[in-house]
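Undergrad: Fold the following.
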Amino acid sequence: MKTIRLIYPQWQGGDIARWIPEIEDRARSARGYCLGAQLLNFLVPAGNNQETYTVPVSLDPCERTVTDGVMDRDIIAAQTAAALDILKVAAPDRIVTLGGECSASVVPFTYLADRYGDDVAVIWIDAHPDITLPGDVYAGYHAMAVTACMGLGDSRIVKQLPARIEPSMGLISMDLSKSVSAPPKSPKLYLAIPLRK
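TA: Got it, this is the predicted structure:
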């Protein structure tokens, strides 16, 4: 089985400036997700013969705009296409995704759902369930990651995704903020598991 390492430092899905008021530039505060992806790449041991691919992500400072209810929607759509192009060429059986914010899991999960059909399950453990939709109060795409995996959300992004993950296929999203006393920067675990019959 071919496993690849996918470095996906997407930051545009996060709008975290309100939690870091010390950084006046809103886009600059969210770009910390890029650093997180690079740190993970450094810290997580690479497997034997594991090829590494990096999704090209714009680091250009720009005015953050909400389009059809999604912040930086056009940039995210372009980066989604770039990630899918990498996966189509690499054709992995398994993907170790070292990403920026939560939505970095959407492309790998839907790729694996397309590859394995109904033989995949997703376990999404986070401080939040990430099931918002465009037009909700918060426009950050990272909070829409699970609904995007289900094929719901912004049509420009969702129509690119190779598969939908139906909740009946084992899509589980857990909101740890209610059940665990954890700081806002709690660890996150996102798994797409091929099920063996």
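Undergrad: shaky segments in the chain?
TA: Applying pLDDT under 70 to the chain flags residues 26-28, 169-197.
Undergrad: ok, now with 90
TA: Along the chain, the model assigns pLDDT under 90 to residues 11-39, 45-49, 58-64, 99-100, 118-131, 137-138, 166-197.
Undergrad: so what's residue 107 up against?
TA: By CB atoms under 8 Å, 6 or more residues apart in numbering, residue 107 lies in contact with 8, 80, 83, 84, 87, 161. Where you see a C-beta, it was placed from the backbone N, CA and C, and this is true even at glycine.
Undergrad: let's go with 6 Å and repeat that
TA: 80, 83, 84 (CB atoms under 6 Å, 6 or more residues apart in numbering).
Undergrad: and it, that's in a helix?
TA: Yes - under DSSP: H, G, I helix; E, B strand; the rest coil, residue 107 sits within a helix.
Undergrad: Distance check, it against residue 25.
TA: In this structure, residue 107 and residue 25 are 27 Å apart, going by CB to CB, to the nearest Å.
Undergrad: so where does residue 14 fall, helix or strand?
TA: Following DSSP states H and E, there is no helix or strand that holds residue 14.
Undergrad: and it, how many neighbours?
TA: Around residue 14 there are 23 other residues, counting by other CB atoms under 10 Å.
Undergrad: Check residue 2 too.
TA: Neighbours around residue 2, by other CB under 10 Å: 12.
Undergrad: wait, what's in contact with it?
TA: Per CB under 6 Å, 6+ apart, neighbours of residue 2: 92, 93.
Undergrad: Is residue 4 bridged to anything, and to what?
TA: Following DSSP bridges, residue 4 is listed with bridge partners residue 51, residue 95.
Undergrad: residues contacting it?
TA: Counted by CB under 6 Å, 6+ apart, residue 4 has contacts 51, 53, 90, 92, 95.
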